[in-house]
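> dropping a prediction and its sequence here:
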Amino acid sequence: MIDFNTYEEVKLEDVAEYARAKKGWIYPAGTSTIQISATRGQIGYLDKPSEVHTKDVAIIPQAGINPRYFNIIMNKNIDEFMTKYATGINIKENEVGKFPIQLHNKETQDAVAKMFGYVEEQEQIAQTEISNLKNLKSNLMDNMFV
């Protein structure tokens, strides 16, 4: 049953593996990243297996946790985490384990990930439409003054 009000408050280290990214290492799809060197709290997500920059920590949630949901929760909590644990422009790697995670049941995780996926698709469609309209306007303006 989908229930947005019931969740468990855990730390990242309890529900995910994390380590500073290694050069040349290919990380699996579903890996979240957080920049810890010269950072403003940038969080990333791998849609497909790829390398991660060495100034990031690669975070792989445990089996049974929706990786997209996990990334959404990280984005939600990054400001709170940065306020508490950032030291200047860096974050200590071991502090990443203290990142707060609200863990809903699997059905709710999947629903949240699906909703965000739909919104991202709609945003991409709108951005493409805006780009096409800008191109059309530019072409019409160019043809008007020929």
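Thanks, I have the structure now. Residues are numbered from 1 along each chain as shown.
> alpha carbons only for contacts and neighbour counts from here, please
OK.
> okay, helices next: where are they in the protein?
12-15, 67-85, 106-144 (DSSP state H).
> show me the contacts for D14.
Shown in contact with D14 (Cα atoms under 8 Å, 6 or more residues apart in numbering): G97.
> hmm, try it at 10 Å
61-62, 97-99, 101 (Cα atoms under 10 Å, 6 or more residues apart in numbering).
> mind putting these in a markdown table, pLDDT, distance to N143 and neighbour count included?
Listed next are the contacts of D14 as a markdown table, based on pLDDT from 0 to 100; distance: Cα to Cα, whole Å; neighbours: other Cα atoms under 10 Å:
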| residue | pLDDT | distance to N143 | neighbour count |
| --- | --- | --- | --- |
| P61 | 96 | 54 | 21 |
| Q62 | 95 | 57 | 13 |
| G97 | 95 | 58 | 18 |
| K98 | 95 | 59 | 14 |
| F99 | 96 | 55 | 19 |
| I101 | 97 | 55 | 21 |
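> looking at those residues, which are in strands?
Judged by DSSP state E, strands contain the following of those: 61, 101.
> can you name the two of the contacts of D14 that sit furthest apart?
Across the contacts of D14, no pair lies farther apart than Q62 and K98, at 15.9 Å, counting by Cα to Cα.
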